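Q: structure of the sequence below:
(2 chains)
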Amino acid sequence: MLIVWAVAVFGFQILLLSLQKPTPEKSFIAYESVWEKVKSGSATADEKKTFAASIAAVLGKSTLKKDKKEILANALSWNLYGSLDSSKKENLLKSVQELRTSTENLGKSTTDDGYLQAKESLNESKKELFSQLNDIYGFESNSLEVNIIAFNLISSDIQQLDENVATSLPAIMKLYLVHNQSFLTDTKFLGFPFHYFYTGEFLLILFVLLSLIYSKRVEHLQKKLNIVE
Amino acid sequence: MKKILTAFSLIAIPFLANASSLTQLEGSFKVGPAIILLAILATFILVGLVHRAKDTTDYYAAGRKISVVSSGMAIGANWMSAASVLGMAGMMYLTGYNGLAYVVGWTGGYVLLLVLMAGQIRKYGKFTAPDFIGDRYYSQSLRGISAVFTILISFAYCVGQFGGVGLMFKWILGINYMWSVILGAAVVIFYTMISGMIGATKNMVIQYIIIIITFLIPTFLLTYKYDYFWLLPQFGYGTIVSDIVQGIPAPNISDGVALINAYGHNLALMPSPEFAMPWDPATGSTFFQWMAICFSLMIGTAGLPHVLQRFYITPTIKDARLSCVWGLFFICLLYWSAPIYSAFGKILSANPEVGNLASDAIVIYTAQLGGINPLIVGLLAAGAISAAFSTISGLLVAGSSAFAHDLYVKIINPNAKPKSQLLVARFGTILMGVTVGIVAMFNLGMIAQLVAVAFSMAACTIFPLFLLGIWWSGSNKAGGIAGMSVGVTLTVISIVYFLVGKSGGSLPGQEFITYWLNVWYFAWLGAPLAIVTNIVVSKLTKPTPIEIKKFLVENVHGG
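A: Below you'll find the model as predicted:
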């Protein structure tokens, strides 16, 4: 019984490990296709959009560490501000600053009225900035990418790509956009990725069943052998 | 009277509450949840007073008057701590699949416990873990060391629980974390002191019911509201996990209605395979860590004194086994459900406006972000506190039992009268509760991780002695001491490196030890090493006395 238990738990994880292959997300493939051009400053508008979308794909992950987030925000802001003329850039920077102030005010509000006012102001700032970003990039209205980009832009102009950002970015993108996958993780079972179902659901069912079988078996054997506890 | 009181406490609590509006995730005093919390705490204390311990047998083992299902529920409540209710979902929210190592580790250990320990411990017929060790290894020093470790394990376990209580008191009362911990500690010490284990056991049945109901209701509501399979959310959330992997584009519209969180943000997120993929690099965890955590938690489960202690209180040996099965089933009900909160938490908090959330409170935030009725969110928070309380009281009883019974009576003052023993037990409860409260204020790690320290300690020290003590009559006093020494040494190394690292310092091989002998999972090496040492030294030294071997054959393994 303990062998079944051990193989079911640890054997499956070893199987997962042995089958896994580094599998990139679509965003990583897109990023790799444009990064060199973006870095050299020869990217087209579409390529810059692709780059921004791939950065947003990482910025939208809750596991992202603060130091890495700063590097991504820096690259994103440089990519955006560098393609704008001075008046558009000025407007955009103003909108980014307003959004930041509105967000801070919302966090500071202590009363219901204050909260509602701050929320309204934030919505106004969002609307303005989203509209400018949609004009520049051509993302769909209310898309998640625009939302993420808006909240991560740096509120001061960045004219040159920092060397540290340029060297760190590829490793960060790889870290967050390449995953250990196999047919066990890609197959669906009851809506779950199979491996997730197995570990999070099935193993627990198995534990209860093994325990029940063991208890009944001991009881049965004791009756059979006339053992009185 | 007792039955009426118990029934009243189950029915009346929800009606004592008051609804309140929650406009922010944190920061404000929440009237409804505060009233619910007070009502529940008052009920616990009342039940504790009615069922209070009358003598030492009552205090330690609840008079062995508990039915199998009740005992299973008590095992469940005793087990389902702040780490299960809050910490586990927090770990999964933060580290995805790696958090499942905690789910599997904390349930799989019960199979080991059942097969290797439960019936045999009950047959041995002792009250505490050090009692067993002292008798089996015919050694007062091993009794003393294991009593000290029982206290330390209970202590480490309690730190995480007090952290959970602090977080929830902070959320409900809107006071700072430090005052929340002080207030929570005061209440739980008072409660444990007046009730002992008999009050605690009665309470644990009530606590289990409160914990599980308050924990499950929001899962049905969330899956129903967001159009997932709600009849059995424990399976229905599979689609959420797949949605997280693939991403949900905005706007997310179902039956013509946009799905939004309580703040009006679209229920949308970028593809996040790192949530479900095994040991994903983005989470900073590795395959080794997954296995080490899972293994350490499993064997730690079978070595935790306050868990082992629950098997002393069943009326028969058969009941000890069945209690274990029921206990595991009741625990699994919660463990099947906890990932639902982490999955929903992921999509409900994906909007950048939500900002960074404290992972350990993600269960509560998820219910809030999902727009669940504030009263139900309040019940959920009170249920979480209830979980922490039930575990803390069990731990304080185990710790104070080791102090009063194993150290004071068996070693310091063998002629102590039962009354003075009870007094020492209560003094031990206060001392331990106060000290844990002080350590909890330092906020040393996530709840689940802090609790994991206790598991590794138990796995390195208590588990090898029980395992070999029960199953190999050749394990002798010298082997026990040698194995214990190895376990203690590895424990000390791991904790010292952790504390030095936390304080910003560095020791030789800091990085190496932090990875391979991390304080959350050092038992992967410590436990096997302690077992091997015990075996080798036992083989090389004077054999176990014949009377111990005879006792094992006739009383522990025989009929």
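Q: can you give me the helices in the stretch 151-300 of chain B?
A: Using DSSP state H, counting those that start in this stretch, the helices of the stretch 151-300 of chain B run over B:177-225, B:233-236, B:238-246, B:287-301.
Q: actually chain A, not the one I typed
A: A:2-6, A:12-19, A:26-40, A:45-59, A:66-81, A:86-108, A:112-137, A:144-152, A:163-177, A:183-186, A:194-197, A:203-224 (DSSP state H).
Q: circling back to that earlier point, chain A: which of the helices of the stretch 151-300 of chain B is closest?
A: Across these, chain A has its closest neighbour in helix B:238-246 (3.3 Å, C-beta to the nearest C-beta). C-betas here are computed from N, CA, C, even on glycine.
Q: look up the closest residue to residue 34, ignoring the ones flanking it.
A: This is for chain A. Computed as C-beta to C-beta, 6 or more residues apart in numbering or on different chains, the closest residue to residue A:34 that is not its neighbour in sequence is residue A:47, at 4.4 Å.
Q: try chain B instead
A: Setting aside the residues directly before and after it, residue B:34 is nearest to residue B:172 in space (C-beta to C-beta, 6+ apart), at 5.3 Å.
Q: quick one: contacts for that neighbour?
A: For residue B:172, the contact set (C-beta atoms under 8 Å, 6 or more residues apart in numbering or on different chains) comprises B:29, B:30, B:33, B:34, B:37, B:378, B:381, B:382.
Q: which of those residues count as buried?
A: Buried members of those, counted by 16 or more other C-beta atoms under 10 Å in any protein chain shown: B:30, B:33, B:34, B:37, B:378, B:381, B:382.
Q: I'd like to know how far the closest residue to residue A:156 other than its chain neighbours sits from residue A:128.
A: Spatial nearest neighbour of residue A:156, chain neighbours left out: residue A:93 (7.1 Å); criterion: C-beta to C-beta, 6+ apart. Between residue A:93 and residue A:128 the distance is 12 Å, computed by C-beta to C-beta, to the nearest Å.
Q: same check, this time on residue B:520
A: Residue B:520 sits 47 Å away from residue A:128, taking C-beta to C-beta as the criterion.
Q: outline the domain layout of chain A.
A: Segmentation of chain A into domains, based on automatic domain parsing, reads A:2-19+A:183-224, A:21-181.
Q: who wins for proximity to residue B:534 among those?
A: Residue B:534 sits nearest to domain A:2-19+A:183-224 of all these, at 19.3 Å, using C-beta to C-beta.
Q: now the end-to-end length of that closest one.
A: By C-alpha to C-alpha, to the nearest Å, the extent of domain A:2-19+A:183-224 from end to end equals 23 Å.
Q: pull the distance from that domain to the chain's centre.
A: Relative to its chain's centre, domain A:2-19+A:183-224 lies at 30 Å (C-alpha atoms, centre = their mean, to the nearest Å).
Q: below-threshold pLDDT in chain B: ranges please.
A: B:1-27, B:48, B:51-66, B:125-127, B:194-203, B:252-256, B:312-315, B:558-559 (pLDDT under 70).
Q: tell me the contacts of the most centrally placed residue in chain A?
A: Nearest to the mean C-alpha position of chain A, counting by C-alpha atoms, centre = their mean, stands residue A:61 at 2.1 Å. Neighbouring residues of residue A:61 by C-beta under 8 Å, 6+ apart: A:176, B:270, B:272, B:274, B:282.
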